[in-house]
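Undergrad: Build me a model:
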Amino acid sequence: MVLITAWKQGRVARSATGGPGSCGLWEVVNAIFYQSRKGCQWRCLPHDLPAWSAVFYYVALWRQDGLDQRIQELLRGRVRERARR
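TA: Residues are numbered from 1 along each chain as shown. Next up is the predicted model:
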């Protein structure tokens, strides 16, 4: 979550409005996990999660900025450490 928070702070600092956004990053991550686990379409996310368009927006930004790859590399390294590889 530290990578995502740092990314968000840098993004807010560069934004024209300087606003933090309308939804929490933890809820965005939960929505991504839900979509990944259920395999549903973005528009079919439950209403207790952020709007699908906001979640999709963050996923697109993370892909554009390479944050998704950094998260994947970090998680892969942690899994390999636990497996003692």
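
Undergrad: same for the helix or strand that contains residue 33, what does it pack against?
TA: Taking DSSP states H and E as the definition, residue 33 sits inside helix 25-38. Applying 3 or more CB pairs under 8 Å, 6 or more residues apart in numbering; DSSP states H and E, one finds that helix 25-38 makes contact with helix 2-14, helix 52-65. Placement of C-beta: from N, CA and C, glycine included.

Undergrad: among the ones you listed, which is nearest residue 23?
TA: Residue 23 lies closest to helix 52-65 among these, at 5.2 Å (CB to CB).

Undergrad: Report the separation between residue 68 and residue 47.
TA: Using CB to CB, to the nearest Å, residue 68 is found at 25 Å from residue 47.

Undergrad: Could you list the buried residues of the longest helix along the chain?
TA: Ordering each helix of the chain by length in residues (DSSP state H) puts helix 67-82 first. Neighbour-count burial for helix 67-82, with 16 or more other CB atoms under 10 Å as criterion, is recorded at 67, 71.

Undergrad: Can you tell me the centre-most residue of the protein?
TA: In the chain, the centroid-proximal residue (CA atoms, centre = their mean) is residue 29; its distance is 4.8 Å.

Undergrad: is it true that that residue touches residue 5?
TA: No: contact between residue 29 and residue 5 fails when scored by CB atoms under 8 Å: they sit 10.9 Å apart.
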